[in-house]
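Novice: need coordinates for the below:
(chains A and B)
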Amino acid sequence: MTLKLYISQDTSALALGADEVAAALLARCGDRQLTVEIARTGSRGMVWLEPLVEVDTPGGRLAYGPVTVGDVDGLLASGLGSADSGHPLALGPTEALPWLARQQRITFRRVGVIEPLSLGDYEQHGGLVGLRRALVLAPQAIVDQLKASGLRGRGGAAFPAGIKWQTVLDAPADRKYIVCNADEGDSGTFADRMLMEGDPFTLIEGMAIAGLAVGAEQGFIYLREEYPNAHRILAGAIAAARGAGILGGDILGSGKAFDIDLRLGAGAYICGEETSLLESLEGKRGTVRPRPPLPAVAGLFGRPTVVNNVITLASVPAILAAGGDAYAGHGVDRSRGTMAFQLAGNIRRGGLLEIPFGASLRELIEDLGGGTRSGRPLRAVQVGGPLGAYLPAAQLDLPLDYESFAAAGAMLGHGGIVVFDDTVDMALQARFAMAFCAQESCGKCTPCRIGSTRGVEVIDRIRRGESRGANIALLEDLCDTMINTSLCGLGGMAPVPVQSALNHFPENFSGPGPGRTTL
Amino acid sequence: MTVPSPWNAAVARTIIDPLVTLEGPLLPVLHALQNHFGQLPAAAIPLIADALNLSPAEVQGVISFYPFFRTAPVGRHILQVCRAEACQAVGGRELEAQVKQLTGLDYHQTAATGKLTLEPVYCLGNCACGPSLRIDGKVHGRVDAQRAAALIDSLAGDSR
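Specialist: Next up, the predicted model:
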C-alpha cells in the first residue's frame, strides 16, 4: 500500500521546516520499506500547525502537526493514517478542525488542497468553470455579474470592482490592460502570497475573465521581489496555462486572446499604490500620479486599465461560476461576500481564514486565534497594515465590515490583523509609522516627504518629555495636514496609526507608564 | 546563492537585447543584469540608456529609486531582517539588535571578508510566525536568539 501524504510548500511552512520534514519522511519510509508519495500543496492557513502533515485515508485527510524532523520516527511507528493512532500530534480529520470548519472558503477553497501547478487538480476541484461561462457571455453580462456580486477591491481601498470594470469597458481605446497588484507590502498581510503559492491558476483565470469583460488582451502581474517562492510558482503556472491554451491567442478554442506578463518589483513599498505601480511597470521611478485621470480611463501607457489586487481577481472565477447573487448572499450591508483575514503578530494561533464579513475582532483573536502568543494581556491590535489604526482591547467587539471600521476611524484594508501584548510602547509604534512613511515616501508631494520626517522628530521630542503639551498639539496639527493635503494614501494615511495611538493610548505620550521604553 | 560574474559589456548586451521589445523594458533589464552581475555598475548605465533610447540620467534615477537595485558589490550572502510591525509584536526589535551584534554589521554594510551583507526588509509576508529573517532566497520563521546564532554560524561554514 502506498502512503499518500500532503505537505505544504507555502513560504511560511518552509520557514518552519516543511522541506526538512518531507525529506525525513521520505528517508524514514524508505528505511521501513514503505512506499510513500508526498504531494506538495499550498497551506491550509493554520500557520501555527505548520509543518502540517496530512495523510490520505478512505475517510478523508487526517492531520498531524506541527511536525518536526524529530517526530517522524514516532509518527511512523504509531501507524500514520490510522484513525486512532493516539499520537500527541494527531489532530483528526483536517476539515473538521474548528479553524477550518468555521470558514466559508470561496476564493481559497482549493488552497492547501491541490497541488498548485497541477491543472488536472485545478479542473477536478472546479477550476475553469468561471472562464468557460465568461467565454459565452457578452462583456456587459460579465461586468453585470461582478456588479451583482457586490465585490469591492480587496487590496484595501474597497472600491466596487464592477464599477471599475464598467469604466474600462466603456472607455474606447485601441489597447487596454489588466494589471494585477501583487505588491503585498503591508505588514501582517500574506493572503496574496498564500493564494499565488497555493492556487495560482485561480488568479490567472480571474485575469483572463477580466480581459474578456473589458476587452483587454494583455495582463501584467506586478509581484514584489520579496516573494521569490510565489514568483517561481506563478511563472510555472503561467507557462502551464499557455501550454494548455488557457492563455494565448485562442483561449480554450474561443478565438479570443489574453496573455499575462509577470513582472517583479524592486523593494519599493509605494509601488503598491496603483499609480506608482503603473509608473514602475512603464519603467520609471515609482512616483505617484495625480488623479484624475483615473487609471480606468488613462492607466498603463495612457490606456484604460483595470488595476485590481490579487484577491479581488482571484475571487472572480467563483463569482462567474456560481453567479454574482450567490457571492452577494454572504456578508453584511455593503460588505458582500467573504474576506480573507490574516491573524498575525503576537497571536497563539496565527494564519489565514476566509469568512463572510460581519464577525467580530474578538471572535477571530480570542476564539480562533487563542489570544496572544506570549500569554500576556492584549493591549492593541493594528488592522489594515502599517497605515491602519491601532485599536485598544476595549474595541474588540467591532464587527469586521468596511462601514463599521470606517465609522470607528479605522479601516479593514487588506484584512491584516496584527496583535500586540501589554509590553508594546505605543509612542514607539507611532514613531515607527512616521519613520516608515519617511523611508518609503516617493518624494513627490511635500506633506508626505517632509511631514513624515518632521513627525518622527516631534514624536522624539514628546518621548523625551520636551514641552509635551505643545508638541502633542503640533503633532495633531501635522497629522491633519498630511491627511488632507497628501497626494496618495501613504502620506494621507500614515498619520492614522499615530492619531489612534495618541487617542487610545495617551499614557504612552505622557511620561513613564506601562509599556514605556526609554529612548 | 549563485556567484555573480564580473562585468562584461558584451555579455550585458546579450542580456539586454532580447528584452528591449517588452512593453516597459527597463525594470526587467535591471533585474536581469543585477541577477547576472550581482550589481548594476556605473558602466551599465550608458549601455542600458543606449539600448532603450533613454537618457543616462533617467536610468540612473530609476536605479536609485528602488532599494533592491545595487550599484556596489555585495557579500556572497544577503541577510535581511524584517523590521515591520507583525515582527515587532514578537520581538523583532530585539532580533534586529542581536543580528547586528552577532554579525558586527549595521544595515547596508558588508563584512570585510565579503561573506555577508546585512539589509533591513519591510515585511516578508511571514507574519503569522515571526520574527522573520531571510538568508538569500530562504525565509526563516520564529527566529529566537538561539536560532539566529545557529543560522549565522551556518554561514561561517562557507569559506569560499
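
Novice: give me the spatial nearest neighbour of A:Arg376, chain neighbours excluded.
Specialist: A:Asp421 (4.0 Å; CB to CB, 6 or more residues apart in numbering or on different chains). To be clear about C-beta, it is placed using only N, CA and C from the backbone, and glycine gets the same treatment.

Novice: any stretches of chain B with poor pLDDT?
Specialist: The model of chain B has pLDDT under 70 over residues B:1-2, B:157-160.

Novice: please enumerate the helices of it.
Specialist: B:9-16, B:26-37, B:44-52, B:56-65, B:85-88, B:92-103, B:145-156 (DSSP state H).

Novice: out of those helices, which comes closest to A:Leu278?
Specialist: helix B:26-37 (12.3 Å; CB to CB).

Novice: ok, back up a step: which residues touch the residue nearest to A:Arg376?
Specialist: A:Asp421 sits next to A:346, A:372, A:374, A:376-379, B:89 when contact means CB atoms under 8 Å, 6 or more residues apart in numbering or on different chains.

Novice: of all of the stretch 51-200 of chain A, which residue lies closest to chain B?
Specialist: A:Ser187 (3.4 Å; CB to the nearest CB).

Novice: tell me which residues touch that residue, please.
Specialist: Contacts of A:Ser187 (CB under 8 Å, 6+ apart): A:344, A:385-386, A:416, A:418, B:84-87, B:122-123, B:127.

Novice: that one and A:Ala173: what is the separation?
Specialist: 37 Å (CB to CB, to the nearest Å).

Novice: what does A:Gly489 give?
Specialist: A:Gly489 is 27 Å from A:Ala173, by CB to CB.

Novice: can you give me the strands in the stretch 351-500 of chain A?
Specialist: A:351-356, A:378-383, A:390-392, A:416-421 (DSSP state E, counting those that start in this stretch).

Novice: out of these, deepest packed?
Specialist: Comparing the strands of the stretch 351-500 of chain A by mean neighbour count (mean count of other CB atoms under 10 Å in any protein chain shown), strand A:416-421 comes out on top with a mean of 28.

Novice: what are the phi and psi angles of the closest residue to B:Ala86 other than its chain neighbours?
Specialist: Distance criterion CB to CB, 6+ apart; nearest residue to B:Ala86, sequence neighbours excluded, is B:Cys127 at 3.6 Å. Per-residue torsions, B:Cys127: phi -80, psi -10 (degrees, to the nearest 10).

Novice: residue ranges in the stretch 151-300 of chain A under the pLDDT threshold?
Specialist: Looking at the stretch 151-300 of chain A by pLDDT under 70, you get an empty list.

Novice: how about stretch A:199-210, does it reach chain B?
Specialist: No. Using CB under 8 Å from any CB of the partner chain, stretch A:199-210 never reaches chain B; the gap is at least 15.3 Å.

Novice: could you report the neighbour count for residue 34?
Specialist: Here I'm looking at chain A. Neighbourhood size, A:Leu34 [other CB atoms under 10 Å in any protein chain shown]: 15.

Novice: should've been chain B
Specialist: Counted with other CB under 10 Å, B:Gln34 comes out at 20.

Novice: where's it relative to B:Thr103, distance?
Specialist: For B:Gln34, the distance to B:Thr103 - CB to CB - is 23 Å.

Novice: do A:Phe505 as well
Specialist: On the measure of CB to CB, A:Phe505 and B:Thr103 end up 34 Å apart.

Novice: which one's more surrounded, these two?
Specialist: Ranked by neighbour count (other CB under 10 Å), A:Phe505 and B:Thr103 place A:Phe505 first, with 23 against 19.

Novice: contacting residues around the closest residue to the more buried one other than its chain neighbours?
Specialist: Once flanking residues are discounted, A:Phe505 sits nearest to A:Met426: 3.8 Å by CB to CB, 6+ apart. Applying CB under 8 Å, 6+ apart, we find A:Met426 in contact with A:379-380, A:390, A:501, A:504-505, A:508-509, A:515.

Novice: go again with 7 Å.
Specialist: By CB atoms under 7 Å, 6 or more residues apart in numbering or on different chains, the residues touching A:Met426 are A:380, A:390, A:501, A:505, A:508, A:515.

Novice: could you report the neighbour count for A:Gly248?
Specialist: A count of neighbours around A:Gly248, defined by other CB under 10 Å, yields 15.

Novice: apologies, that question was intended for B:Gly91.
Specialist: The number of residues packed around B:Gly91, counting by other CB under 10 Å, is 19.

Novice: residues contacting it?
Specialist: Going by CB under 7 Å, 6+ apart, B:Gly91 touches B:Pro131.

Novice: and chain B, which of its residues are near chain A?
Specialist: Residues of chain B lying close to chain A (CB under 7 Å from any CB of the partner chain) are B:23-28, B:31, B:61-62, B:65-69, B:84-86, B:89-90, B:121-129, B:132, B:137, B:139-142.

Novice: follow-up on the earlier one: can you pick out the most distant pair from the contacts of A:Met426?
Specialist: Farthest pair in these, by CB to CB: A:Tyr390 and A:Gly515, 12.2 Å.

Novice: please name the nearest non-neighbouring residue to the most centrally placed residue in chain A.
Specialist: Among the residues of chain A, the one closest to the centroid is A:Ala191, at 2.7 Å (CA atoms, centre = their mean). Once flanking residues are discounted, A:Ala191 sits nearest to A:Ala340: 4.2 Å by CB to CB, 6+ apart.

Novice: what residues does the stretch 1-150 of chain A put near chain B?
Specialist: Going by CB under 7 Å from any CB, the residues of the stretch 1-150 of chain A near chain B are A:11-12, A:14-16, A:47.

Novice: just the stretch 151-300 of chain A next, same as before
Specialist: Checking the stretch 151-300 of chain A against chain B by CB under 7 Å from any CB, the hits are A:184-185, A:187-188, A:190, A:193, A:225-228, A:263-264, A:266-269, A:280-286.

Novice: okay, domains of chain A per the record?
Specialist: A:2-101, A:119-328, A:331-421, A:426-509 (automatic domain parsing).

Novice: give me the residues contacting the helix or strand harbouring A:Gly120.
Specialist: Element membership of A:Gly120, judged by DSSP states H and E, is helix A:119-124. Identification of contacts with helix A:119-124 by CB under 7 Å, 6+ apart yields A:114-115, A:201, A:240, A:244.

Novice: one more time with 10 Å
Specialist: The contact list for helix A:119-124, computed with CB atoms under 10 Å, 6 or more residues apart in numbering or on different chains, reads A:39, A:41, A:110, A:113-116, A:118, A:127-129, A:199-202, A:204-205, A:237, A:240-241, A:243-244, A:246.

Novice: among the residues you listed, name the buried ones.
Specialist: A:39, A:41, A:110, A:113-116, A:118, A:127-128, A:199-202, A:204-205, A:237, A:240-241, A:246 (16 or more other CB atoms under 10 Å in any protein chain shown).
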